[in-house]
Each structure stands twice: as C-alpha cells, then as structure tokens.
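Engineer: need a structure here:
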Amino acid sequence: MNTYIQNKFNQKFHIFVSKHKLQAILIAISGGQDSICLIRLIEDFQQKYNKKLEITYIYIDHQWTQNSQQQIKHLINIIKKTTKKFIIYQVNQAVNSELKAREIRYNILIKYSIKYKYQYIMTAHTQTDKTETFLQHIIRGTSLNGLTSFNEYRKFNHKVQLYRPLLDFKRTDIKWLCRKLHLPIWSDITNYNYKINRNRLRHELIPYIHKYFNSNIDKRINDFLINSKMENEYVTQNAIKLYLYSRHKTNIALNYNLIYRQHIALQIRTLQIFFFIIQNRILI
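Structural biologist: Numbering: from 1, shown residues only. Model prediction:
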C-alpha cells in the first residue's frame, strides 16, 4: 500500500504530465536522500501510470570530495536497476563558491536540455530547501522579487523550464519515506562542511529557530512566501503595463514624465523590465 507522500506525489505528477503532454523529462539528481527518494517516486509512478514516459537522469559532479567517484558508482548501481539513461558531467574547474557552482550546474542542465529537446528539468528540492533559500536571500539583502523566485516552476527561457515536484514536502517527510522504503542513502560529507553557508543555516540557525521561536518554521515561511508572491505578481503586472504604455514606438526609450508620476516600486520594476529587454535584444 502506498503512503500518503506517494499518493500525493502520484496525483500531482500525473496532473503535471497530462497537462503538458510530456513524452520525456530530464531529472537532475545530487545523490542525497531527496534525489534518491525522487528516483523511487518517479519509477513507481511510471510503472503505474505512464510506462511510455521517457526518463533521463543527469548528475553533475563538482569533485569536491575525494570519494566523489564512490558516490558516482553508488548512483550508477541505483539507476542501473531502473534501466534508464544516466548522464554524468564532471566539472574539472575547482569552485568553492556555492553560487558559482549552482550557476555552472544550471548552465550545463539548460544546454543539455536545449540540445536534446527536453522541455522540463526536474529537481528534488523540498519545502526545507525553500526555507533555507529564503533565509539566504534575507541575509544577502534581496528584493521582493528575489524572495519569491524559488517556486515550483521556473522558466529559464522559451525552451526550458524547471519543475520541483517535492516542494510541498519537508525534508523530514522525505527522510521518513526513505527509511520506510529502505532506500540506500549516501551520506555526503560536504553537507557538514560549515564553510558552506547553507550548511550552517541547515544545522545551526534553522534548528535554533525551530527550538526557541517557531516549531513550524517551514510552513510559516512558506505561507509568507505565498502571500508575497501574489503581491509581487501584482507589482510586476502593473510594471509591465507601465512599461508598455511608456515605451517609445521606434526608439529604445521610455517616457520619463509618465514613469516619474508613479510609485517608486513601479518605477524600479519598470526600469528592470526595460534593461532586461535591452540586454536580451543585444544578446540576440
């Protein structure tokens, strides 16, 4: 009998596949418990609902640890049982920055997706990842737009989008399911490297907040982000209207007098849209 998590995932993923009429999907895995759990959920779904769905797994190895080769072998042994295609990229460039490493990963994923015509990339991010990312953005000092950027869907360009099907689940839920299903979890020592800011948030700050301030921090932050997303979308829609209304018909210019009369939040967002469009025109 399936668990609540499995049933919820199957229902959600079935709607996703049907809505977008997917025939193939690229799944980016990291080797941790969330990824191993996602592999199991996907394989169970395919056997039950859609055996024709083409699934490809991709792993990007930054070679941060001496035992990275053993971790790759571990993943190969797991995916070999699924008989699915498994792609491995090894990054030879030594990168100590988490942000730079993420940029490299997504560049590889997007290029591979475009080359082999994958419309969606799937990752195993959970609600706990959403909490960690929120706190990182707060510490760095970000805008409302930046705060609400970590969503279930993310559009990279007109060809490739990101989908996070586990974003409604906490990491504790995933850990419970992994134990129940006796999944072979690899313990990644980089997750305990406190030089990486996310690890300090995960192992020190969030447990502290959970113990002394709010025992349901993931849900509270998630509720806040849902409300903030609606407000952000409202500002964005009005900024788009202002941009379309104030742009020059032939030249690359905006009507200063129209924009200056608006709220400062709309002015800033409209200018962001303007410069984003200019930049993309130059790149094209």
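Engineer: Just list what the helix or strand containing K229 packs against, helices and strands only.
Structural biologist: Per DSSP states H and E, K229 falls inside helix 217-246. Contacts defined by 3 or more C-beta pairs under 8 Å, 6 or more residues apart in numbering; DSSP states H and E place helix 217-246 against helix 127-140, helix 144-147, helix 206-212, helix 256-260, helix 264-283. From N, CA and C alone the C-beta is placed, and that goes for glycine too.
Engineer: Low-confidence stretches in the protein?
Structural biologist: 1, 94, 96, 188-190, 281-284 (pLDDT under 70).
Engineer: longest strand in it, by residue count?
Structural biologist: strand 54-61 (DSSP state E).
Engineer: right, and the helix or strand after that one?
Structural biologist: helix 68-80.
Engineer: What is whichever helix or strand comes after that next one packed up against?
Structural biologist: As assigned by DSSP H and E, the chain's next helix or strand after helix 68-80 is strand 85-90. When contacts are defined as 3+ C-beta pairs under 8 Å, 6+ apart, strand 85-90 packs onto strand 54-61, helix 68-80.
Engineer: quick one, which of the ones you listed is nearest to K12?
Structural biologist: strand 54-61 (16.7 Å; C-beta to C-beta).
Engineer: CA-only coordinates of the closest one in CSV, if you can.
Structural biologist: Output of strand 54-61 as CSV, limited to C-alpha atoms (Å, rounded to 0.1, in the frame of the first residue of the first chain):
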residue,chain,number,x,y,z
GLU,A,54,11.0,8.7,-21.4
ILE,A,55,13.1,9.4,-18.3
THR,A,56,16.7,10.5,-18.3
TYR,A,57,18.7,11.1,-15.1
ILE,A,58,21.6,13.6,-15.0
TYR,A,59,24.3,14.1,-12.3
ILE,A,60,26.9,16.9,-12.2
ASP,A,61,30.0,16.1,-10.1
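Engineer: Parallel or antiparallel, which strands does it pair with?
Structural biologist: strand 24-29 (parallel), strand 85-90 (parallel) (DSSP bridges).
Engineer: ok, now which ones touch L162?
Structural biologist: 120-123, 153-156 (C-beta atoms under 8 Å, 6 or more residues apart in numbering).
Engineer: so of those, which ones are in strands?
Structural biologist: Using DSSP E, the contacts of L162 in strands are 120-122, 153-155.
Engineer: Would you point out the most distant pair within these?
Structural biologist: It's M122 and K155 that sit farthest apart of these, by C-beta to C-beta, at 14.3 Å.
Engineer: Give the residue from these two that has the larger number of neighbours.
Structural biologist: Neighbour count, other C-beta atoms under 10 Å: between M122 and K155, M122 has more, with 23 against 10.
Engineer: who's that one bridged to?
Structural biologist: Assigned bridge partners for M122, using DSSP bridges, are I27, Y163.
Engineer: show me what contacts it?
Structural biologist: So M122 contacts 25-28, 38, 42, 162-165 (C-beta under 8 Å, 6+ apart).
Engineer: right, and out of these, which lies closest to W186?
Structural biologist: Taking the contacts of M122 together and measuring to W186 by C-beta to C-beta, the closest member is L38, at 13.9 Å.
Engineer: domains in the chain, as residue ranges please.
Structural biologist: 4-213, 225-283 (automatic domain parsing).
Engineer: Next, format the ones you listed as a markdown table and append distance to K219.
Structural biologist: A markdown table is the format used below for the domains of the chain (distance: least, C-beta to C-beta, whole Å):
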| stretch | distance to K219 |
| --- | --- |
| domain 4-213 | 8 |
| domain 225-283 | 10 |
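Engineer: now, of those domains, which is deepest in the fold?
Structural biologist: Comparing these by mean neighbour count (mean count of other C-beta atoms under 10 Å), domain 4-213 comes out on top with a mean of 16.
Engineer: So what's the gap between it and the chain middle?
Structural biologist: 7 Å (C-alpha atoms, centre = their mean, to the nearest Å).
Engineer: Could you tell me the end-to-end distance of it?
Structural biologist: Taking C-alpha to C-alpha, to the nearest Å, the first and last residues of domain 4-213 lie 29 Å apart.
Engineer: Stretch 205-218 too?
Structural biologist: First-to-last distance for stretch 205-218 - C-alpha to C-alpha - comes to 13 Å.
Engineer: and if you look at stretch 150-167?
Structural biologist: Using C-alpha to C-alpha, the two ends of stretch 150-167 sit 10 Å apart.
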